[in-house]
Structures are given as C-alpha cells and as structure tokens.
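1. sequence first, then the predicted structure:
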Amino acid sequence: MPSSKHTQSVLLINPYWRQLTEPYEHLGLGYLAACLRQSGVKTIIWDMLLMGDKAEQIAAKVQQERVALIGVSITFQQSAKEIMAKIRQIKRLTQVPIVVGGIYPTFAAQELMTLYPEIDFIVKGEGEETLPELVHTLLAGGDVKKVPGLFGRTGSAIWESPDRPSVDNLDKLPWPARDTLPQVLEKTGCASILSSRGCYGRCTFCSVDAFFSRFGRKMRLRSAGDVLAEMEYLQKTYGVKNFAFNDAEFIGSKGRGKARAREIAEGILARGWQIQFSIQCRVNDVEEELFALLKRAGLRKVFLGVESGSQAVLDRFQKDATVEENLQALKILSALEIFVAMGFIMFDDVTTLSELAENIQFLQKVRAVTGNAYLAEVDPVSKVLPFAGTKVEARLKKEKRYRGNSLDFDYAIKDPVVETVYRVLCLLTNFSRKIKAKRGQPLYREFDWQTGQIKH
C-alpha cells in the first residue's frame, strides 16, 4: 500500500508503565509491524517511553496518519490497570477501533472486554497472521467474525472466533521491524533478539507454557542460520555489539536445543564477532562444556530460573529440578564468571516456616559458592503472582482464595505466622529501597552493557 495522505494506517503502541524506567525494543510489535507492512499496510510503532505517553499526542498522530486501527500490547499483567486507563483516554479522543494483544489479554479476554467497552478486539495467541487479516477485513468492510484468533465486540455483544494455530516454522516470519532500535541503543547499548518461542518447562506459576501449548507446539526454535543472519544484519545496519536474547528459554532442552545453542556459539566464533549477549534458561540446561563455549562466543549474563532452595517447593512448582542441580548450575556459571540474575520466589500461598528457612539457608550457600561479584541480589519479598492462565491462578480460584480480579489480585498466605513475616519483610524492603533511591543508588546489582561492567 503506497504511503500518502489518503492511505489509512495502523498504529501499534508499546505503552508506558511506571515501573519501567529503561526503554526496550518491543519485539512483539516489531514482528507485527513487519507482517503488516509485508501485507501492504502502512504501520507506525509508537513507544510511549521514547515518544511520549500523553493521550493527546497519540490522538494527534492518529489524525495525522489517518489511523484505522490502534493496537496495544499488554506485556505485563501488573501493568494492565494503568494501561487500560490510558486506552480509555485514547478511545475517548480518537473513537478509532482498538485491538489489544498479549499472553495476559488472551487468558483474560472476556473479563477485559466486559470491564472495558473501549476494547473492540483482543487477539488470542500470536498475532502475525491474525492482525493483518483483521486489518484487511476492516478496511474492506468484511465480516470480522470470520477472522480466526479473535475476541470481538458487536454493539454490546462479545463474541469469539475459533483459535488460530501458531506459526509452526519461525524462520518463515519476517524479521521484526526495528523502528525504535537507534533510540534504545543510544540509551541502553543493547538490542533485543528472539531466537525461540515458548518453553519446555511446566512451571505452575508461569503462563508461557499454557499460552504456547494452547495454539501449537509448546516450544519452537528458529534455525541457528536464521538467528546468525539477523545478528549479522543488526551489526552491519545498526552497529549492534550487545544482544539480549528475549527467549523465555534459550537453550531448549537436550538434543536439538543444545545442538542449536552450540551451533549459534560456533557460528559467532567462526565469524570473529566481538560481541556480548545475555540469555534466559533453566538450571537443567547448564552444562560446563556448553556454557564455556557460549562464554567464549560472548555470553555475559544469564537469567536463571532457580525459584527455590526447598525441594518440596520445587516439586510443588513442577520445576523438574533438584536443589543440588540449582547449586551446581550456579557454581558452573560463577566459575565461568558469567553474571547471574536468579529467578527466585521466596513465598507462595502455602509457604511454611521450614520452607522459608530452607530458602534462607540456600541463599547463604549460593553466596558462598558464587560470591557477590557475579550474582544479582534476590528480592526478599518475591511472591508467586497468580497470573492469568496459570495453574496457580486456577487452584487459588478453585479454593476461593483468589481476591479481586486479574487487574488487581491478591491472596493471603495460609500460615498466619508466615504471612506476618512476609508483611514485615515488605515494610523493611520498601524502606531500604526508599533510602537507596534518595542516595541515588541502584536498587539491584546489574550488568551494564554500555561499559561491560557490573553496576553496583
């Protein structure tokens, strides 16, 4: 579709959330924009953190570009209430149809559309095929109910079309549009990249498994060749030297997954690239030989899903890992001098005092075997969040212990003593964070891509 003042377009919004202090590339919107443009639709990406978060600014852009549809991504469920207030303002000013997408809206679609009449559509699952079809159907005046993968609204009636299977071969998707990359690079020094979708785990607190399993294979990997080609493009086009792999699970279990990780690392080394990168993975993936190879290729940071130092809790979370495997993975990464940000959950709704003591003892062992230099601090009041679509949410609702709704949820810990400990720790932690903020100190130790050093 040629660009002119008569051309209607789509505006994709990465919303502002007060807890986000640093810009990032929204690869989900990048993929959607690439697919829309490939289908001939003029598409604008609006990142509120980079371009402005006022509804009036967006309304002006909508009028200027003759926007026919506004798409909003809700990446973090905790941000939904704040984002929906902004969507309400945007709809009031523009009266343009609004479509929302993401893991959370997929599982809470009926609730969101009931609470917020400003939402016209919700894309279920991945949107690379659904959104272009929706846009072309709207522009042609067709029947949107025939578009698979949607919740929609006709008058006061909410309807749902059949699920659309996810794209099985990720290599067939166009690479994501990189509209905001220059600004993000200037501020953070790091570009995002996605080499897989989904996870082979089955954790009770995570919505990733439920989301991807619903629409197809629970984990899909791009080929090493396609990943390396995109990395080369980003280096040549934008001068990227630091990459953050946003995969929920980069390695992808034994067999093909580890072979692909090795192929990516060997490809980087063979090309002589002087780069750095980060990944996310499970403790089961960490093997000394493989991660030594990844370190030589540029691996500097790992977000590691440890979650607990109590075997009873690991089993309850369906982590399919042991406390000893947790410690061993941390030892390997520490010995390789790879910075680790540990996924760790101190409390859930049935935490006991003995499990809490096991977690504290485990963290002491972690500090002993890793030292502080290559380990991010653990949040002492981290608590399981019953995200939409998770087994934890379903159980709490079944037990009638889930308070509120998906936009504002809570629960009490069964053991009243543990609940008291949790509340006291929250007060102490919040006080400590306020002191750090006043002193201009970072709340957490983190890896600084700009300098290649650890920020304390």
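-> Done, it's in. Predicted, not measured: the structure shown is a model, and the values here were computed from it.

2. got the contact list for the nearest residue to residue 65 once chain neighbours are set aside?
-> Once flanking residues are discounted, residue 65 sits nearest to residue 9: 4.8 Å by Cβ to Cβ, 6 or more residues apart in numbering. Heads up, the C-betas are built off the backbone N, CA and C, glycines and all. Contact analysis of residue 9 by Cβ atoms under 8 Å, 6 or more residues apart in numbering lists 41-44, 65-68.

3. how does the protein divide into domains?
-> 9-160, 189-455 (automatic domain parsing).

4. chain center to the longest one, what's the gap?
-> Read it as domain 189-455. Offset of domain 189-455 from its chain centre (Cα atoms, centre = their mean, to the nearest Å): 11 Å.

5. OK, contacts around the spatially closest residue to residue 148 that is not a sequence neighbour?
-> Ranked by Cβ to Cβ, 6+ apart and with sequence neighbours excluded, the top spatial neighbour of residue 148 is residue 164, at 4.0 Å. Residue 164 is in contact with 124-125, 129-130, 148-149, 215, counting by Cβ under 8 Å, 6+ apart.

6. quick one: mean pLDDT over the top strand by length along the chain.
-> Assignment by DSSP state E gives strand 299-307 as the longest strand of the chain. Regarding strand 299-307, the rounded mean pLDDT is 95.

7. what does whichever helix or strand comes after it rub up against?
-> Later in the chain than strand 299-307, the nearest helix or strand by DSSP states H and E is helix 311-316. With Cβ under 8 Å, 6+ apart as the test, helix 311-316 has contacts from 204, 307-308, 321-323, 326, 345, 348, 350-351, 355, 358-359.

8. just after helix 311-316, pick out the following helix or strand.
-> helix 323-335.

9. so which elements touch the helix or strand in which residue 361 is found?
-> Taking DSSP H and E as the definition, residue 361 sits inside helix 353-370. Here helix 353-370 touches helix 311-316, helix 323-335, strand 339-344, helix 416-439, going by 3 or more Cβ pairs under 8 Å, 6 or more residues apart in numbering; DSSP states H and E.

10. ok and it relative to strand 339-344, angle-wise?
-> 170 degrees (axes from the mean of the first three to the mean of the last three Cα atoms, to 10 degrees).

11. and the angle for helix 353-370 with helix 323-335?
-> Orientation note: helix 353-370 sits at an angle of 30 degrees relative to helix 323-335 (the same axes, to 10 degrees).

12. surely residue 228 is in contact with residue 267?
-> Yes: counting by Cβ atoms under 8 Å, residue 228 does reach residue 267; the two are 4.5 Å apart.

13. helix, strand or coil for the nearest residue to residue 18 once chain neighbours are set aside?
-> Nearest in space to residue 18, with sequence neighbours left out and distances taken as Cβ to Cβ, 6+ apart, is residue 82 at 6.6 Å. What DSSP: H, G, I helix; E, B strand; the rest coil gives for residue 82 is helix.
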